[in-house]
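> I'd like to go over a predicted model; first the sequence, then the structure.
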Amino acid sequence: MANNNKMTIIATKGTYDWGYPPFILASTAVAMDKEVTIFFTFYGLNLLLKDPEKLKVTPVGNPAMPMKMPFGPKWLKNIDFGPKIPNVLWNLPFAESLVTWMMKKTIENCGVAKLTDLRSMCQEFDVKFIACQMTVDLFGYSKDDFIDGIEFGGAATYFDEASSGDHHLYM
Amino acid sequence: MADETLDASGLNCPLPILKTKKALSKMDAGQVLEVISTDAGSVKDIEAFCNQTGNKLISNAEDGGKYLFTIEKV
């Protein structure tokens, strides 16, 4: 049945930073009385794992990410270290943890919600979460790896969800 | 005079909207919610939220970096 108030999102990315767009848009849409389904596929499955706070932000291959100190005097906070540091250093073992810590600190300082909290709010507002069964199998996950209250299905399930509504976003 | 007040100061997008929605859902039709926000984005966002949900934006003001909204629940 046609339902113009419906929205679907395909979430394909699984780093901490890229977890935000689907959960922000889904929670806001559902707060604005839309019916929302998120289909998590490939690396997007990470966003359904029990603890998404374990996900990392990667500085590698992320050239547009500003790299600013989350604390210190204003002059220091204003420096963007991203372009100043040679790319090779971002491949060192500590780099990912450091950048993840900086990003989370900045998120906290700006009053932006934690990923876990946005996800909980989506669930509280009845956003439907569907995990792509094929990629669950492909990556060797079991259903126990994921939070409760999600469904498992494939591309056909997504198209059935997306057969009505006028917002369908791929992220 | 507002029936309820929501202080969303310090919170950033989309939290002021999500908290507004939660606060309204606990209220009765015709009651008025006052929302205080420091998120500059909420000026357009609260208006858009009201447009979409049918709730009535009665007033919308800025006072020294704080944004004050009054919303009547439909």
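Nice, thanks for sending it over. Bear in mind the structure is a predicted one, so any value in this text is a computation, not a measurement.
> from what I can see A:Ile38 touches A:Cys132, true?
No. With contact defined as C-beta atoms under 8 Å, A:Ile38 does not reach A:Cys132; the gap is 10.9 Å. Bear in mind the C-beta positions are built from the backbone N, C-alpha and C, glycine included.
> the more surrounded of the two?
A count of neighbours by other C-beta atoms under 10 Å in any protein chain shown puts A:Ile38 above the other of A:Ile38 and A:Cys132, at 27 against 24.
> Is that one located within a helix, as I assumed?
No. Under DSSP: H, G, I helix; E, B strand; the rest coil, A:Ile38 sits outside any helix and is assigned strand.
> Grab the nearest non-local neighbour of it.
Residue nearest to A:Ile38 in three dimensions, not counting chain neighbours: A:Ile9, with 4.7 Å by C-beta to C-beta, 6 or more residues apart in numbering or on different chains.
> One more: A:Ile79?
A:Lys68 (6.8 Å).
> what does B:Thr5 give?
B:Glu34 (4.6 Å).
> In a strand, the one you found, correct?
Yes. Applying three-state DSSP, one finds B:Glu34 inside a strand.
> So for it, what's the pLDDT?
pLDDT recorded at B:Glu34 is 97.
> Counting neighbours, what do you get for it?
B:Glu34, neighbours per other C-beta under 10 Å, totals 18.
> right, and it touches B:Lys66 too?
No. Using C-beta under 8 Å, B:Glu34 is not in contact with B:Lys66, being 11.5 Å away.
> Now do the contacts for the closest residue to A:Gly44 other than its chain neighbours.
Distance criterion C-beta to C-beta, 6+ apart; nearest residue to A:Gly44, sequence neighbours excluded, is A:Ala11 at 3.7 Å. A:Ala11 makes contact with A:22, A:38-41, A:44, A:47, A:171, according to C-beta atoms under 8 Å, 6 or more residues apart in numbering or on different chains.
> try it again with 7 Å
Taking C-beta atoms under 7 Å, 6 or more residues apart in numbering or on different chains, we find A:Ala11 in contact with A:22, A:38, A:40, A:44, A:47, A:171.
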